[in-house]
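Novice: I would like to see how this sequence folds:
(2 chains)
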Amino acid sequence: MQDTFRALLDEIQRAWPFRWAGWVLAVAIAGITTVVTLLMPDMYTSSAQIAVLRSGDAALVPIHNAEIRFLNDATLDNVLNAVDLGMDLSTPAARQKAKDTLRRHISLEGTDTELFVIKCTDKKPARAKQVCDLLLLAFKDAVEQNSDTSSLKQQLINQQQTLGQAEKRLQEYRIAHLDVFGQGGIEARLDAARAVEEKAAADYDAAVRRRDQLQAFWRTSLTSEADTAPSSTTPPAGDPLIDRLYAAYTELEGLRVRFSESHPDVVLARRQIETIVRQYPPSIRMCGRDGSNGPSAVPSSPEGLDAPVTRPLVDAVAGNIAVCRALTTLVQAERDVDSLGALNQSAPPIEAELSRLTAERDAARDRTENIRRRIQELDLGDPASLYTVIAPPEAARAPSSPNRPLLLAIALLGSLAGGGGYAFVRGLMVSSFVSASEVRRAYTLPFYGAVSQAGGLRSKFDRSAQTFSFLIAVGALVGAMLVLILADPLISIARGWVTGVATSVIQLTGMIQ
Amino acid sequence: MRRGELATSTLLVAPSLPRRLFGRLVGRPVEGPQYAVRIPEIDLRRSGHITTGTAESAQTREEFRAIKRNVVANLANASGARDPRVILVTSTRPGEGKTFVALNLALSLTVDRDMSVTLIDADPIDHGLSRRLGITEERGLFDGLGQGTTEGQSTNVSNLTVIPAGRSRSDAPELLSSERMGRLLESLTNSGSSLVILDSSALLSGSSAAALSGFAGQTLFVIGCRETGRQLVDEALTLLDSQIGPLESANIGLVLNKISPDQSAARFSGTTA
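Specialist: As a prediction, this is how the structure comes out:
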C-alpha cells in the first residue's frame, strides 16, 4: 500500500512539469464546451395527459400500439400542413425529412396502463402547444375508431369457434376413457365393488357355518339309524349317488304300487336306499376353489320316503350347494375389485388431462362471455366516454432542455480530467527519476543519498510561488465554471452575450462576403 | 622511479596563487597568505553549496553527511587493487551535478578533523570545479601531467587542497589514463591526503571518466532528478561495468541530485557546523 502510494506520488511529480500545458488544455475544453452549451437553443415541451376509462383488450391494445397507429404518416402530414414549423416541404424527400424531425420531437408515454402522456417539443412554446393539440385530436380519433364493435364481433366469432373445439376435445376424451369416468367415476365403482366383496365374504362364511351344522346333524342321524359307517370313497363327479338314490326311490315307488310294505322286494329296495344314504359323504363333496364343480341342484324330498332317513341328507347337500354359490359370488366380487384397482392406478394422468381440457374449455367460455358482454356494453355506451383528457396541452413558460447546469458541470469535470490526464500521460512518457525511492527500486546498487536542489530559500520561495500560482489558476477555472453552473441569471446573461457576439460575427462574415 | 618519488618531486602544496585572485572572493576576511585558493563562500551559498556557519545550508550539510558516512564506511573495503581513498564523482551526462556533489562532499569531509581531502578537477572539457572556484587561469592537473609536475593548492578551508584542471589539452584523456595519473594519485594518498576526490566528466560525453574509473576505489554516480532517463543511466552503468568489472563489488554508490527540498529525507535541523 505504501509502495503504491509512493509510486503514485512519483507519477504526480513526473506529471508536475506539464501542469501548465494541462491547465491550458483544461481551459480550452471548458471554454469550448461552455460556448457550445450556451449556444444550444432552448426547447419547450407541451404535454397532454389522457386517462382511458374503460379497461380491456379492445380499448387498450391499439393504444399500446398508438405510436404506430396515431404517429403515422397521415397524422404527421396533418401537423406539417397545419403548423408552420419552418421546415422545407417542397419535395417528397424534404417532406419525409421534416416528418422524421417532427417524429423525434414527439413522444407518447404510457405512465400507467390507463394513463397516457403526449409530449411535443419545439423551440417555440406556442408551436409546441399547437402540435400537441393536433396530436391530441389524432389520439382521440384513434381511440374512437377503436370503439367500433365490429372488431369485437369478429373476435366473438373466432372465440366461439375456439370454444366449440375445446368442448369437442373434452367430450371425445371422456368417451375414450369411459371406464374411468363412467358410473360416478372409478373411485365410486371401486368402493361399491369392495362393499359387494365384503358382503359376499360374509355370506360365504354364513353358508359354511350352516353347511357344517347340517352335516353334523346328518352324521348324528346316521349314527342313530345304523352301525354302518359312511364310505370314505369319493363319489364321482356329477354326484351319481344322488342319481342312484333317486333311481332307488323310483324303483321303491314302483314296487310299493305293486306289493305290500312287507314284500321282500320292497324291503330290499328300502334297504338299498338306506345303504346309498349311508354311503353319501356330503363333507367331501365340495366345490372347487372358485365355487365350480359343486352339486348343481338340491334333491327334492321324495314323497313317501322315510323322511327321518333322507331329510338330513337333502339338507346337508343343500347347505353345500349354498356354500359353493356364495364362494362363486365372492370370487367374482374379488375379481371386480382387482380389475377396478388396476384401472384406478392409471386414472391420475387421465384425470389431469381431463382437468386441463376442462380448464381450456372454461377459459374459452369465459372469454366468449367477456367479449359478448363487452359488445353489449359498447352497443349501449358512448365512444367519447372511453377517455378523459386530464391535462390539456399548454404553452410552456420555461424551457425543458437543455439542462445547462448539468452540461456545464460535466464540462468542468471533463476539462479537469482532460487537463490532468494530459499531464499524467506526458509524465508517463518521461523516463527520468523523480524520487529516491524510485532509484532504490530501480537498481540494486547502494544508494548513498539524495541532495536537494541548489538554490536555498529563494528556490524554495520560487517553487512555492509556482505551486501557488498554479493552484490559483485551477481555482479560477473551477470558480468561473461554478459561477456559470450555480447562477441561472448569469447563464442567461452570458448566453445572451455569446449569442449576440455569434450573431454579430455571422452578420459581419455575411457583409464581408 | 620508486613509489612515493613523484610525491616529493612533483607535488607542491604551497601558497602560489596571485593576490589579485583574492580580490574576487567575497566572504571571510583574508587571514593571511598561508593558502592559495579562497573558497568563495557567498557564491557557493547562493548556488546551494555547503558553507561554514550558515543556517541556510544546514539541509544540504545533513544530506552530505549521509553520503559521507557511506563513503567513509567504504574506506575499509578495498575494491581489488584500487584504493578506496580515491573517489570518482561522475554521472551520465553533463549538468547533473558532479561538481556540486564533489565540492560539497569534500567540504563535508574536511569537517572531520582527522581527514585531509584533495579535490581534483579532472574534467578535461568543462573545467567545472575550476570555474566554480575561480581558478581557471592557474596551472593545474593537465599541465602537471603533461610536464611531469602537478601542484596542489591549499585553500582557506582547513584540510582541503585543490588541484585545478589547468589549461585544456588535446591529449587530456590520454593523460588521465596514463601511468602518471596513477602515480599522482598514489603520491597524493601516500603524502598525507586521507581522501582524493576526482571531479570527472560525464561517462557518456567522453572517455576520460571511464579511464579514471580504473584508478578510483569508490565511485559516486550522480543522477539528476527529473533529468536523467533510465535508459541513459543503464547505458552509463554498463560502460562502467565494462571498465571496472562487476558493479556490485566495485563500491559504486548512487546519488540523486536536485530533488525538491520537500522530498529530502534530511530535514532542516537548525544546527550549524
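Novice: Residue B:257 reaches residue B:228, doesn't it?
Specialist: No. Counting by Cβ atoms under 8 Å, residue B:257 does not reach residue B:228; the two are 9.3 Å apart. (Each C-beta comes from the backbone N, C-alpha and C, glycine too.)
Novice: overlap in contacts of those two?
Specialist: Contact criterion Cβ atoms under 8 Å, 6 or more residues apart in numbering or on different chains; residues shared by residue B:257 and residue B:228: residue B:96.
Novice: Could you count how many residues lie near residue B:68?
Specialist: Using other Cβ atoms under 10 Å in any protein chain shown, residue B:68 has 23 neighbouring residues.
Novice: swap that for residue A:86, sorry
Specialist: Neighbours of residue A:86 (other Cβ under 10 Å): 10.
Novice: Am I right that it falls within a helix?
Specialist: No. Judged by DSSP: H, G, I helix; E, B strand; the rest coil, residue A:86 forms no part of a helix; its state is coil.
Novice: Could you check how far it is from residue A:123?
Specialist: 9 Å (Cβ to Cβ, to the nearest Å).
Novice: Over to residue B:202?
Specialist: 69 Å.
Novice: what about the two, which has more around it?
Specialist: Using other Cβ under 10 Å as the criterion, residue B:202 and residue A:123 rank with residue B:202 on top: 22 against 14.
Novice: confidence score at the more buried one?
Specialist: pLDDT for residue B:202: 92.
Novice: can you check residue A:28 too?
Specialist: 95.
Novice: Report how many residues lie close to it.
Specialist: Neighbours of residue A:28 (other Cβ under 10 Å): 13.
Novice: That one is in what secondary structure piece?
Specialist: Assigned by DSSP states H and E, residue A:28 belongs to helix A:19-39.
Novice: tell me how far stretch A:500-513 is from the chain's mean position?
Specialist: Computed by Cα atoms, centre = their mean, to the nearest Å, the chain-centroid distance of stretch A:500-513 equals 67 Å.
Novice: correction: stretch A:80-95
Specialist: So, by Cα atoms, centre = their mean, the centroid of stretch A:80-95 is 49 Å from its chain's centroid.
Novice: per-residue confidence averaged over that stretch?
Specialist: Here the average pLDDT along stretch A:80-95 is 83.
Novice: ditto for stretch A:130-149
Specialist: Mean predicted lDDT for stretch A:130-149 stands at 74.
Novice: show me where chain B has strands.
Specialist: Along chain B, counting by DSSP state E, strands occupy B:83-91, B:117-122, B:153-154, B:160-163, B:195-200, B:216-224, B:252-259.
Novice: Sheet-wise, list the partners of the second one with their directions.
Specialist: If I follow you right, that is strand B:117-122. strand B:160-163 (parallel), strand B:195-200 (parallel) (DSSP bridges).
Novice: Return the angle between stretch directions for that strand and strand B:83-91.
Specialist: 40 degrees (axes from the mean of the first three to the mean of the last three Cα atoms, to 10 degrees).
Novice: Alpha carbons of strand B:117-122, in PDB - could you do that?
Specialist: Provided in PDB are the C-alpha atoms of strand B:117-122 (Å, rounded to 0.1, in the frame of the first residue of the first chain):
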ATOM      1  CA  VAL B 117      41.000  16.000   1.200                       C
ATOM      2  CA  THR B 118      42.400  16.700  -2.200                       C
ATOM      3  CA  LEU B 119      39.900  17.800  -4.700                       C
ATOM      4  CA  ILE B 120      40.900  17.400  -8.300                       C
ATOM      5  CA  ASP B 121      39.200  18.900 -11.300                       C
ATOM      6  CA  ALA B 122      39.600  16.000 -13.700                       C
END
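Novice: For chain A, what lies in contact range of chain B?
Specialist: A:13-14, A:17, A:430-436, A:439, A:442-457, A:459-460, A:463 (Cβ under 8 Å from any Cβ of the partner chain).
Novice: Contact partners for residue A:99?
Specialist: A:73, A:76, A:77, A:80.
Novice: pLDDT check: weakest of these?
Specialist: residue A:73 (80).
Novice: Distance-wise, check that residue relative to chain B.
Specialist: 68 Å (Cβ to the nearest Cβ, to the nearest Å).
Novice: Please name the nearest non-neighbouring residue to that residue.
Specialist: residue A:99 (6.8 Å; Cβ to Cβ, 6 or more residues apart in numbering or on different chains).
Novice: What of residue A:263?
Specialist: Residue A:263's closest residue in space is residue A:255 (Cβ to Cβ, 6+ apart), at 6.9 Å.
Novice: can you pull the buried residues of the helix or strand the one you found falls within?
Specialist: Using DSSP H and E, residue A:255 sits in helix A:240-258. Within helix A:240-258, the residues scored as buried using 16 or more other Cβ atoms under 10 Å in any protein chain shown are A:241, A:242, A:244, A:245, A:248, A:249, A:251, A:252, A:255, A:256.
Novice: Am I right that the residue nearest to residue A:73 falls within a strand?
Specialist: No. Residue A:99 is assigned helix when assessed by three-state DSSP, not a strand.
Novice: pLDDT wise, what is it at?
Specialist: pLDDT at residue A:99 comes out at 87.
Novice: for residue A:450, same thing?
Specialist: pLDDT, residue A:450: 90.
Novice: repeat for the one 3 residues further on
Specialist: Looking at residue A:453, its pLDDT reads 78.
Novice: burial count for it?
Specialist: 21.
Novice: What count of nearby residues applies to residue A:268?
Specialist: The burial count for residue A:268: 13, using other Cβ under 10 Å.
Novice: With residue A:32 instead?
Specialist: Residue A:32, neighbours per other Cβ under 10 Å, totals 12.
Novice: now the strands paired with strand B:117-122 as TSV including mean neighbour count?
Specialist: Putting the strands paired with strand B:117-122 into TSV (neighbours: other Cβ atoms under 10 Å in any protein chain shown) gives the following:
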stretch	mean neighbour count
strand B:160-163	26
strand B:195-200	29
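Novice: what's the closest of those to residue B:64?
Specialist: Among these, the nearest to residue B:64 by Cβ to Cβ is strand B:195-200 (12.1 Å).
Novice: related to what we said a few turns ago, among the contacts of residue A:99, which ones are buried?
Specialist: Buried among the contacts of residue A:99 by 16+ other Cβ under 10 Å: A:76, A:80.
Novice: From the contacts of residue A:99, pick the one nearest residue A:214.
Specialist: Of the contacts of residue A:99, the one sitting nearest to residue A:214 (Cβ to Cβ) turns out to be residue A:73, at 105.6 Å.
Novice: Okay, now the unreliable bits of the stretch 101-250 of chain B?
Specialist: B:192-193 (pLDDT under 70).
Novice: near chain A, which residues of it show up?
Specialist: B:101, B:104, B:220-221, B:223-231, B:233, B:237, B:247-248.
Novice: Mind checking which of the residues you listed are in helices?
Specialist: When these are checked against helices (DSSP state H), the matches are B:101, B:104, B:230, B:231, B:233, B:237.
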